[in-house]
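Trainee: Next one to model:
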Amino acid sequence: MINEEKKNIFQNFLHDIESLLLKNNRILIGISGGQDSSVLLHLCSMLPKKFHVYGLHVNHNLRYGAIAEEKFVINKSKIYGIPIHIFRSQAVKPSNQSIEMYARKIRYLAFEKYIKKLSCDIFLTAHHANDNLETILMRLNDGTGLAGIRGIPKRNGHYFRPLLDYKKKIIEDFQKNLNIDFIVDETNRDISIKRNFYRHNLVAPWENQAPKLVD
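Mentor: Residues are numbered from 1 along each chain as shown. Below is the predicted model of the structure:
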């Protein structure tokens, strides 16, 4: 069962990557060290050798655990034989900007820099179906139009999200079955952060009542 699950998820992942028809087969992957990105890193390590995979970790220098996360990602990437690049933010957060928005801005500046620097065809992120639902709900609350309720695109320019069709539960099961280690971001439980509030107070209890919600 475990081997079959691993095979199915990887075959779908490989099919998605192959279908992109990458010119140089150079792939950059965002690695936070969390559960989702660790699963994505594991899948990338299984790709055929014709693909050249590079990792990028962004250290925002905002939390006490940032150094430990950076070290974890470096060691994990070495185990998989995937070259890792570290971007350490030296910027100061503007007083009129939330930590969430500031961190996102820093990440995407780093993404664009290393996509260009490494001449990569595509940048992979570990967004999944639950992330998509949370995004749609937040946009609805903000009064979005039709474009907003379409959710997160699977591909947008250089960015590709191969796990977007999978629910968080499937990713969790895959990680547990294959014993893929990861590091826990202590801020994930902080409901003062907007996405965490939606995740823990709205989506989780709603999904418990309606298991097909994310589908």
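Trainee: contacts, neighbours, all on C-alpha from now
Mentor: Noted.
Trainee: how close does the spatially most central residue of the chain sit to Trp206?
Mentor: When Cα atoms, centre = their mean is applied to the chain, the residue found nearest the centroid is Ala126 (2.6 Å). Separation of Ala126 from Trp206 (Cα to Cα, to the nearest Å): 23 Å.
Trainee: Check Leu137 too.
Mentor: In this view, Leu137 and Trp206 are 12 Å apart by Cα to Cα.
Trainee: now swap in Thr125 and tell me
Mentor: To Trp206, Thr125 is 26 Å away according to Cα to Cα.
Trainee: Which of the two has more residues huddled nearby?
Mentor: Legend: neighbour count by other Cα atoms under 10 Å for Thr125 and Trp206, higher for Thr125 (22 against 15).
Trainee: Can you show me the helices along this structure?
Mentor: Secondary structure of the chain (DSSP state H): helices at 2-19, 35-45, 66-80, 99-117, 129-141, 146-149, 168-177, 194-197, 204-209.
Trainee: Check those helices for me and report the most buried one.
Mentor: helix 35-45 (a mean of 21; mean count of other Cα atoms under 10 Å).
Trainee: That one vs helix 168-177, what angle?
Mentor: Between helix 35-45 and helix 168-177, the angle comes out at 60 degrees (axes from the mean of the first three to the mean of the last three Cα atoms, to 10 degrees).
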